[in-house]
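Participant: Sharing a sequence plus its predicted fold:
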Number of protein chains: 6
Amino acid sequence: MSGPRIFVLNANTTASITDLIARTARASARPGTKIVSATAPFGPNYIQSRAEAAIAAHGVLTGLAQAKRPIDAAVIACFGEPGLFAARELFDFPVVGMAEAAMLTACQLGRRFAILTAGARWPAMLDDLIDDYGLRDRHAGTLALPVSGLQASRNRAAAVTALVRLARRAEAELGADVIILGGAGLAGLAPQLRTRCPLPVVDGLAAAIAQAEVLAHLAPSKARVGQFAKPSALGFVGIDPALAKAFARYKQR
Amino acid sequence: MSGPRIFVLNANTTASITDLIARTARASARPGTKIVSATAPFGPNYIQSRAEAAIAAHGVLTGLAQAKRPIDAAVIACFGEPGLFAARELFDFPVVGMAEAAMLTACQLGRRFAILTAGARWPAMLDDLIDDYGLRDRHAGTLALPVSGLQASRNRAAAVTALVRLARRAEAELGADVIILGGAGLAGLAPQLRTRCPLPVVDGLAAAIAQAEVLAHLAPSKARVGQFAKPSALGFVGIDPALAKAFARYKQR
Amino acid sequence: MSGPRIFVLNANTTASITDLIARTARASARPGTKIVSATAPFGPNYIQSRAEAAIAAHGVLTGLAQAKRPIDAAVIACFGEPGLFAARELFDFPVVGMAEAAMLTACQLGRRFAILTAGARWPAMLDDLIDDYGLRDRHAGTLALPVSGLQASRNRAAAVTALVRLARRAEAELGADVIILGGAGLAGLAPQLRTRCPLPVVDGLAAAIAQAEVLAHLAPSKARVGQFAKPSALGFVGIDPALAKAFARYKQR
Amino acid sequence: MSGPRIFVLNANTTASITDLIARTARASARPGTKIVSATAPFGPNYIQSRAEAAIAAHGVLTGLAQAKRPIDAAVIACFGEPGLFAARELFDFPVVGMAEAAMLTACQLGRRFAILTAGARWPAMLDDLIDDYGLRDRHAGTLALPVSGLQASRNRAAAVTALVRLARRAEAELGADVIILGGAGLAGLAPQLRTRCPLPVVDGLAAAIAQAEVLAHLAPSKARVGQFAKPSALGFVGIDPALAKAFARYKQR
Amino acid sequence: MSGPRIFVLNANTTASITDLIARTARASARPGTKIVSATAPFGPNYIQSRAEAAIAAHGVLTGLAQAKRPIDAAVIACFGEPGLFAARELFDFPVVGMAEAAMLTACQLGRRFAILTAGARWPAMLDDLIDDYGLRDRHAGTLALPVSGLQASRNRAAAVTALVRLARRAEAELGADVIILGGAGLAGLAPQLRTRCPLPVVDGLAAAIAQAEVLAHLAPSKARVGQFAKPSALGFVGIDPALAKAFARYKQR
Amino acid sequence: MSGPRIFVLNANTTASITDLIARTARASARPGTKIVSATAPFGPNYIQSRAEAAIAAHGVLTGLAQAKRPIDAAVIACFGEPGLFAARELFDFPVVGMAEAAMLTACQLGRRFAILTAGARWPAMLDDLIDDYGLRDRHAGTLALPVSGLQASRNRAAAVTALVRLARRAEAELGADVIILGGAGLAGLAPQLRTRCPLPVVDGLAAAIAQAEVLAHLAPSKARVGQFAKPSALGFVGIDPALAKAFARYKQR
């Protein structure tokens, strides 16, 4: 049987993170699913601020526009999924965000999830996402390693030890029912955390792959009307031709 | 390859609805998934009110307690999923609700979903669920056929025609981006609605099966602490022994 | 003068709790009010989890259906009032919940109330209720004795000492203006707490009896249209005949 | 048996409205309750705007300060209850507002109440109150007669006819479960509305008297700490001596 | 060039506070702006409670009605701006509140502001304002000096030291991005706080003057319809004639 | 006297819109203010969708990074202010958004504002902004001309006529107190709308210039700690060197 083709785009421009993500995604995908990965064509090495995320959103749209078709579903592999709603508007295939997928999956396992991630600004940045998704009432809080996800990806044993400590705080202090582990650089650490945590653990990347498989399977049609129909554009200055071509041609009224 | 065993429990006590659900669930499951269905052991023929839903919640817990193991994930097949959070507390396997699964799936396809269902009280009853799930901001509104889902299941051509009309209203009047079709009695109608609707359509049962497959695949561990750990009980009067046995034994402090 | 007949249903199946409730209710009722009490016909000995509450909701509806008429108002005597909105839909008399009555009464005494109760899962379970009632902004928090209400009812001196401590924390740490004391097993402890607490104390059972007296006095008519009109039902499998009879007969369209 | 002494203060300065309120309050009070009424010592003849309500709040505090003791509970008889929270802070007896009492009572009869009142600005003014009380989720909407409550009090037959029409719209268009009738000038019209309305009707004044009786009966102690303890004041310029005396003396730190 | 005439009304009746406010306002106004100050004609010496604020709202409306015209914009110089919305309804010129102006200005500098003020009840009183303004999501919390603003105005060195400490807590414990300094008695302390605080500091009075200059410059027309059109009144008992005259004459329908 | 230097960046890449904005900004600025304008260095000709807004956010950051210093405050001249919070994080000068400035100004003139703009997707896109700013409760609704703002800028007489009609609907159907006119292409139309509208009208561009003048005048210090301190970055691929240089250098821990 031939499974779906899932395109996983690293929103960061660090190739070693793309490799880590691709490896972890393949390990968690179902048999038959084909994982195709790519690195954002431009932007920050590793997103740690709103400003980098804003730049990366453009990189993500460009990377999705350049990707070889067919794509049955795409995953924006950054736990902050820059450009997610814009991508849903622009492209014909379903687009999945790591944080959103993790949170929606966690909602099916308890009342309130806590998020563990890396990087001091991420808790505030995720608060904005959580509000955008309407999930504030389900969010017990976010606890972050003080180092960046890139650094955590290079010292995995220390990261696991610190994450186990954060998981304990999430349960005792935040009253969480479910733990979400997020951040591209933390990909692959969930199994080790899971064995040492008394709450269910949802891994952001595994959840994103699984939700991408769901959407590829259900194959919803692209909106032909409304705010998620493909937008038309009057024209652009200085952007990648593949991205400009992704827009419909503007018809003068 | 051997897929997951998904237990689908009709929360109503009408066997023809169980058959319809089982047939539709099998058609939408992935290859390898084993769908096992059952009818609630007691309760309303077809839930159309809060009072019937309250009775059905007990029936659902009893039905889940009586079901043959192993269960990799269970689906409460009623678009109001009576007893959902109680079941998540009590049982070791993941439990999926049709409305919740449909809404979480729809959240990945747009900003605001409209729900189409059958039965005059369901819009108000779903409002409560949507608030419980924290998804009010994502809900454009609910439009209901005036007949019960049971009746709709017996006159499917008329139901489709009426649902297409509701879908148009959902887009034009409610500003929905995504259409959710829900209600046990409406199982199997989504493909016909889809071809006649310019917005993506999420079928409640298909979404529930897909999310159950996700949870069976991710296999999150049962909470061992907190409000979703298995509850202990002091004892019961007059309930099914299988249900009483599902609780942990109460330890006196 | 002949006062109202208030039916007080213990949602738990422990008779000693029914006695405690009835005694306390009588002490707090106005002269002329007739308190009639009963124990739920089936269900948990003492509700301490969502799963037990879901079972008890069915028990409550059955107990209300079986009760001898006339009833001028009913009180669901469990600080979690399982089945409250379902009962309001199904029955012609007003139905009062202990937690809801306490919270609405407390709203008239300050901005934010704290709840003191017994049992580790009750704070989370009450959060759901409080959200359902739309009172989150008025809720300063819930503090719970670690033991069950049943145990607290058997060691009342220790319970009072511990509750006084929780009341102090509610004022100092949660910034509460009003203290609510809730839980069937804590019935009758309010007077002792009151003398040792610098904030007004609302007793759940006393508030429920008082609000039941209000509704019996105002005698609002039963809704004849909309979601709180008596629901019709298609039929049932395996439920108490008195409960089945409480529904209107379903008219085929 | 000797019942409570309830002080009913007309927040408006029109004596005929005070008479109407007193008469209606007496008709709805329980046997034994003593209704003592008064007119605000200064302020607007009939409140119809935020500016008049702000002036009336001072009049209400002055009227409460001047009232003869003992008072077991007070009612601010204006469906907008100017100065309610300030009065709760300042005085030792419980203070009840007509709109708040009506809304809290209505919450026990359904999910969402609609308010019928008189005066074009009242819907917006009540929206603010409803938000302050945290009851927005329970509010289906407000519909107002275009005339002032004072005028409505002078043409009662026309008012009833118009209110019945508004009640129908509240049910059909707003989806209300319960109807609240509010406004000092509409006092006494509830019985006529009730017989012609298929939803339960809560009369603002009757609810306020009943809730005042509840608070007089429960006799909660005045907060001795926190934001509802009696405030101390440094001194005043140009206010009524009775009002100045109601404050505690300020102690220099 | 001739600038706007800004009327600054001290809502308290302490003249030394009026002087402090006027001096600070002039120091922060732009060249050309004319600051005219006045003391409320009656009311509390220094507002520290809801009851005093309710009295002061009447004083504010009276003071604004008595003020010599023309007024290009008015500032209610009390960090709780009693009567703000009533004044906007009643008067033809724009009316600015210190707390509101500070909060709206702070919203342009970060996600979440903390408020530093003086007086134990102000945090709770400001919570109500913040809810009324719809800004709860932008509010990190309020920290208050234990003394009144009047006392703080008399011991400014101690106040600054204590405020610097509170600012640190606001950043470390509340996660604030911006610090608001509010309270008539704290006028003029912002520059000293600013040099010792690593976050941007918004001074309530400076923000109010600046926003009043904005509104004087934009010169929006007074609403001629709706809830902020000038209200008509039926008449008054015992209020200042200038205030009564500010209302439009009531036209009988 | 030398006034502030305000940098106005057209987030679109159409030079005629930059000219229109610059002209209108100069007409509305105070004497002494120096308006410096520029066109985004790359991106969409005229933003009409989420996807274009995401691209434009990168263009805005780049344009701000390239702009000649000193800048006392910057205005993102697009009524959707792409990249606003990212710009606040990255740059040392205050950054003002047209929609945010208009909404915060309008909050000082009434309870609820309606927005009039151009382009079918803008109402939904603004809903997201309004939620991000926490102003949902102050928003009566958005009404949009069906044509793009670019087209409206080319047929101004027709635009005014249509806007007057929308303003009437905003008042009658949405219950707005204040009208906001937004959209780069609608710059300069406010005076004509104002004379034909019975509610106060806030022009987005005029409000943005005025608020930029406020922030330039108050000169708040840049956050040195927390989520709005200048972010450090690990490095970038393929972005403008000026933009990369705007980040602080990343220090390895």
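Facilitator: The structure has been received and is ready for your questions.
Participant: what bridges to A:Arg249?
Facilitator: In this entry, A:Arg249 is beta-bridged to A:Ala233, by DSSP bridges.
Participant: my read: it touches A:Pro231, true?
Facilitator: No. Here A:Arg249 lies out of contact with A:Pro231, judged by Cβ atoms under 8 Å, at a distance of 10.9 Å. Bear in mind the C-beta positions are built from the backbone N, C-alpha and C, glycine included.
Participant: Those two: which has the busier surroundings?
Facilitator: Neighbour tally, A:Arg249 and A:Pro231, criterion other Cβ atoms under 10 Å in any protein chain shown: the higher count belongs to A:Pro231, 22 against 9.
Participant: what's the closest non-adjacent residue to that one?
Facilitator: Closest residue in space to A:Pro231, ignoring its immediate chain neighbours: F:Ser49 at 3.3 Å, by Cβ to Cβ, 6 or more residues apart in numbering or on different chains.
Participant: Would you list the phi and psi of the one you found?
Facilitator: Torsion angles at F:Ser49 (phi, psi; degrees, to the nearest 10) stand at phi -150, psi 160.
Participant: show me the residues around it that make contact.
Facilitator: F:Ser49 sits next to A:Ala86, A:Glu89, A:Leu90, A:Pro231, A:Ala233, A:Phe247, F:Arg121, F:Met125 when contact means Cβ atoms under 8 Å, 6 or more residues apart in numbering or on different chains.
Participant: what helices or strands is the one helix or strand in chain A whose mean pLDDT sits lowest leaning on?
Facilitator: Lowest on mean pLDDT, DSSP states H and E among the helices and strands of chain A sits strand A:248-249, with a mean of 86. Under the contact criterion of 3 or more Cβ pairs under 8 Å, 6 or more residues apart in numbering or on different chains; DSSP states H and E, strand A:248-249 touches strand A:232-233.
Participant: Which parts of the stretch 51-200 of chain A are strands?
Facilitator: Using DSSP state E, counting those that start in this stretch, the strands found in the stretch 51-200 of chain A span residues A:73-77, A:95-97, A:113-118, A:139-145, A:178-181.
Participant: May I see the buried residues of the longest one?
Facilitator: Looking back up the chat, that one is strand A:139-145. A:His139, A:Ala140, A:Gly141, A:Thr142, A:Leu143, A:Ala144, A:Leu145 (16 or more other Cβ atoms under 10 Å in any protein chain shown).
Participant: May I ask you to confirm that the third one is in contact with A:Thr117?
Facilitator: Right, A:Gly141. No. With contact defined as Cβ under 8 Å, A:Gly141 does not reach A:Thr117; the gap is 11.4 Å.
Participant: joint contacts of these two?
Facilitator: Here A:Gly141 and A:Thr117 have A:Pro123 as joint contacts, going by Cβ under 8 Å, 6+ apart.
Participant: residue contacts, the residue of chain A at minimum distance from chain E?
Facilitator: Here chain A gets closest to chain E at one residue, A:Ala124, 6.7 Å apart by Cβ to the nearest Cβ. Neighbouring residues of A:Ala124 by Cβ under 8 Å, 6+ apart: E:Arg111, E:Gly175, F:Gln227.
Participant: Does the last one touch A:Arg121 like I think?
Facilitator: Yes. Because the distance of 5.2 Å satisfies Cβ under 8 Å, F:Gln227 is recorded as touching A:Arg121.
Participant: can you list residues touching both of these two?
Facilitator: With Cβ under 8 Å, 6+ apart as the test, F:Gln227 and A:Arg121 both reach A:Arg50.
Participant: ok, back up a step: now, which of the contacts of A:Ala124 sits nearest chain B?
Facilitator: After measuring the contacts of A:Ala124 against chain B - Cβ to the nearest Cβ - the closest member comes out as E:Arg111, at 18.7 Å.
Participant: Pull the number of nearby residues for A:Gly185.
Facilitator: 30.
Participant: OK, contacts around it?
Facilitator: A:Gly185 makes contact with A:Ile17, A:Leu20, A:Tyr46, A:Ala118, A:Ser148, A:Gly149, A:Leu150, A:Gln151, A:Ala152, A:Ser153 under the criterion Cβ under 8 Å, 6+ apart.
Participant: Do you know the pLDDT at A:Gln252?
Facilitator: For A:Gln252, the pLDDT comes out at 59.
Participant: which non-adjacent residue is nearest the residue in the stretch 101-250 of chain A that chain D sits nearest to?
Facilitator: In the stretch 101-250 of chain A, the residue that lies nearest chain D is A:Asp137 (12.6 Å; Cβ to the nearest Cβ). Leaving aside its sequence neighbours, A:Asp137 sits nearest to B:Gly134 (Cβ to Cβ, 6+ apart; 3.7 Å).
Participant: A:Arg50 now?
Facilitator: F:Ala86 (4.4 Å).
Participant: and if you look at A:Lys245?
Facilitator: Once flanking residues are discounted, A:Lys245 sits nearest to A:Ala65: 7.1 Å by Cβ to Cβ, 6+ apart.
Participant: residues in contact with the residue nearest the centre of chain A?
Facilitator: By Cα atoms, centre = their mean, the mean C-alpha position of chain A lies nearest to A:Met98, the distance being 2.5 Å. Neighbouring residues of A:Met98 by Cβ under 8 Å, 6+ apart: A:Val75, A:Ile76, A:Ala77, A:Cys78, A:Phe79, A:Glu81, A:Gly182, A:Ala184, A:Gly204, A:Leu205, A:Ala207, A:Ala208.
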